[in-house]
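>>> Return atomic coordinates for the entry below.
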Amino acid sequence: MEVAECSIEVNVMVPPQKPKGPMRIDNITAEGCEACWNTPEDDGGSPILYYIVEKAQGTGESWMPCGRATVPQQEVVVKGLTQDKEYRLRVIAVNAMGASEPLGSVDSFITENPFQTPGAPGQPELKDWDSDHFDMKWAEPRNDGGSRILGYELEARLWKDPSWFKAGEVKMQMEHGLVEGIDLGQGYSIRVRAKNAAGFGPWSIESEQVVCKFKALKPKVKINGPKEIIAREDETVVVVADVPAEPACEDIKWLISNNEVVDDIKSGVTIDNTKAHKSVLQIDAITRKQGGILTCEASNMHGKAKMSIQLTVHGKPSAPEDRLVVSNISSTGCQLNWTASKNSGGLPLEYLVEKYTVASDSWAKQAITSNTELLVNDLEEGKEYEFRVFAENEIGESEALTTPKAIVAKNQYTVSLPPCQPEVTEWNERCMTLKWKAPIDDGGMPVYAYNVEARTTGGEWQVWECLDTPETTAVMQKLQKGQEYQFRVIAINKAGKSDPGHPSRPKVAKETDLLPFIDAKCLRDTTAEVKDRLKFDVPIFGEPAPEVCWMKGEEPIEEDKSISIMNTESHTKIVFNNISKKNAGTYNLVIRNKSGEDKASVTVSVLDRPAAPEGPMKVSIEGTAITLLWKHVKDDGGVPIEHYQLEKIDNEKNSWGACGHTKENTITVPGLPGLTYQFRLSAVNRIGDSDPLVSENISVTEGEDALVRSL
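You can find the predicted model right below:
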């Protein structure tokens, strides 16, 4: 029997053995490490596909994958670890049949860097700026911690706020950077810290205060608050304006209606420009006059700007204007009218009307209205009332406008006042035309008719015409020639007839055109004594009434205290009140009208005391007899000389005494020896004595020869 042999190879595949140790951990950092191992001694009959690396923290058994390496790699870089934590690693080989047992690391390890964080940078300083950022610079840290600087982080805080916020980042080794997220006008403090592979180092010393502002800025003016400021009189108004500008504006001013507001504390105006980029205007006890367009203007080297708002000041209104007129008065009411207030105080107006009852001596509210008129309908007939009106708004009320006098509640119309005195404007022997003026008060109802009454001289009044018209002219018919008439007019309205008006001047019914005529019967030549009163009353005629002119000779007479002239349509009168010698002469009377003229004359003689005797007075002495001789009087005053009156005075008697009279122009009187005489002589007529003629002193000496002296 033959024997045959064959051989077959049997391959049994199973999961591989665990990787061959030891498992080494190298290059440990704060965030990771490197792990390596060897290939398993038995791959389990199937090639190794890859390795799985797992981690567990501390002594725990919660393993989690943290790396993977494909064949032929036998190492892996582990990342994502937490700094300063203790870790353990293990590795598992995987083939087609499954995973091997794990190979653990020899020891656990703690994640930490092999180098330090960098030191603090230098104190930040301002390098550049603008309205939305700072450009800060600093010195690099003196110690980089053994790892190169990777960048910087910047933080900022408001100057008086302890809370920091991230404001910038530099992702390279560059020792300056931008600080952003800041507000214009605010002050900030800045700090910076460096970063290397180990992380961020400590913060630097914080910077000095830096203010966010424009580097170069034309002024901008913004008045805080609404576009219109509304204030009440006597309030304090404060207006704040922000004025951003670089450099800050030094010239900031306020204007109201283009008039500059001056800082004057006495006037209650204060302007505060002490704070940069801000101006504050304060007006104490503001008045209505200070309202208007309020403007703030500012300028610097880059330009100027301004902003305006409306400043409205409300106050009490002014009193209603003009007069408080009361009209349409009746027994139960009246109409009130006034003119609106010129100054409303800047607010809507209403008017308060009050009523004063004279009988009760009290004011009471009548009504409130927005109109400038009011119908009052609650009056009691026969009572007296006054009214007043106040303008009022929400601030207060004005002074009162009051009626000038009280009114009586009664029907609004009565009979009218009498018409004015009528005037005869045209006439003839049969009719006359009258004109008159309507009554100054028609009693509240129009005059619609007139009655004209007439009377002759000494007669009774009777109705002559009834006129059914308000016309103020009428023709009076059926007059009797030569009669003198007067007329008066009565007005008629709805209330009845008025009282008669004043009568017209008397007028004679006669022709319109009549030649002037002087009735000269009373113009007789007249002789009057001095100081007498002499009158000539001369009737004159003519139509139209003539003009009258009295003349002495050819010269018109001018009236004075001694002469007065009075003229009417029918007479002319000249009166010498205290006639004197100068009034003697011929007087001519001339009257004229459009139809012609007439003349008459009269001679007036005036009797007066004589003129003084004429000198010189001749004196002759024979013994004790003194003979006087003089010339006759030239002017005897119009009356014959009755005699000459002689008076004497001597050196023993100091008074004048009569010593004789004569009709001749010479007289002899006795004297006493040893006396000295003086004589005065007057001419006498029945009117009186003339002024005296006085001699010189005459001395009488016994036995002296006759002397003749002339004076």
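
>>> Isn't Glu32 up against Val78?
If you look again at residue 32, you'll see it is Gly, not Glu. Yes: in terms of C-beta atoms under 8 Å, Gly32 counts as a neighbour of Val78; the distance is 4.9 Å. Quick note: C-beta positions are derived from backbone N, CA and C, even for glycine.

>>> list the residues that contact both of these two?
In terms of C-beta atoms under 8 Å, 6 or more residues apart in numbering, Gly32 and Val78 are not both contacted by any residue.

>>> neighbour-wise, which of those two wins?
Val78 (22 against 17; other C-beta atoms under 10 Å).

>>> Distance check, the more buried one against Glu34.
7 Å (C-beta to C-beta, to the nearest Å).

>>> And for Thr586?
On the measure of C-beta to C-beta, Thr586 and Glu34 end up 169 Å apart.

>>> the more surrounded of these two?
Taking neighbours as other C-beta under 10 Å, Thr586 and Glu34 compare with Glu34 leading, 15 against 12.

>>> Which strands or helices does whatever helix or strand that one lives in pack on?
Assigned by DSSP states H and E, Glu34 falls within strand 33-38. Applying 3 or more C-beta pairs under 8 Å, 6 or more residues apart in numbering; DSSP states H and E, we find strand 33-38 packed against strand 20-26, strand 75-78, strand 86-95.

>>> the inter-axis angle of the next helix or strand after that strand versus strand 86-95?
Counting by DSSP H and E, the element after strand 33-38 in chain order, helix or strand, is strand 50-57. For strand 50-57 against strand 86-95, the angle by axes from the mean of the first three to the mean of the last three C-alpha atoms, to 10 degrees is 160 degrees.

>>> where's strand 50-57 relative to the chain centroid, distance-wise?
Centroid separation between strand 50-57 and its chain, computed with C-alpha atoms, centre = their mean, to the nearest Å, is 98 Å.

>>> what's in contact with it?
19, 35, 37, 62-71, 73-74, 76, 78, 81-82, 85-94, 99, 102.

>>> tell me the contacts of Gln73?
Neighbours of Gln73 in contact, by C-beta under 8 Å, 6+ apart: Tyr51.

>>> residue nearest the centroid of the chain?
Lys289 (7.9 Å; C-alpha atoms, centre = their mean).

>>> residues contacting Gly585?
Gly585 makes contact with Lys552, Gly553, Thr603, Val604, according to C-beta under 8 Å, 6+ apart.

>>> Quick check, pLDDT for the first one.
Yep, that's Lys552 we're talking about. On pLDDT, Lys552 comes in at 86.

>>> wouldn't Trp656 be in contact with Asp650 here?
No: in this structure, Trp656 is not within contact of Asp650 by C-beta under 8 Å, at 10.3 Å.

>>> More neighbours: those two, which one.
Asp650 (18 against 13).

>>> Hmm, that one is touching Thr676, no?
Yes: counting by C-beta under 8 Å, Asp650 touches Thr676, with 6.3 Å between them.

>>> which residues touch Pro247?
Pro247 makes contacts with Asn300, Met301, as judged by C-beta under 8 Å, 6+ apart.

>>> Quick check: the gap between it and Ala276.
According to C-beta to C-beta, Pro247 and Ala276 sit 9 Å apart.

>>> try Ala241
13 Å.

>>> Tell me which of those two has more neighbours.
Neighbours were counted for Ala241 and for Ala276 using other C-beta under 10 Å; Ala241 has more, 25 against 15.

>>> And the strands in the stretch 101-250 of the chain?
Secondary structure of the stretch 101-250 of the chain (DSSP state E, counting those that start in this stretch): strands located at 103-104, 109-110, 125-130, 133-137, 151-158, 165-170, 176-179, 187-196, 199-200, 210-211, 222-223, 228-232, 237-242.

>>> Sorry, slip of the keys, the one I care about is the stretch 601-711 of the chain.
Here the stretch 601-711 of the chain has its strands, by DSSP E, counting those that start in this stretch, at 614-622, 625-631, 643-650, 657-662, 666-670, 676-684, 693-694, 698-699, 707-709.
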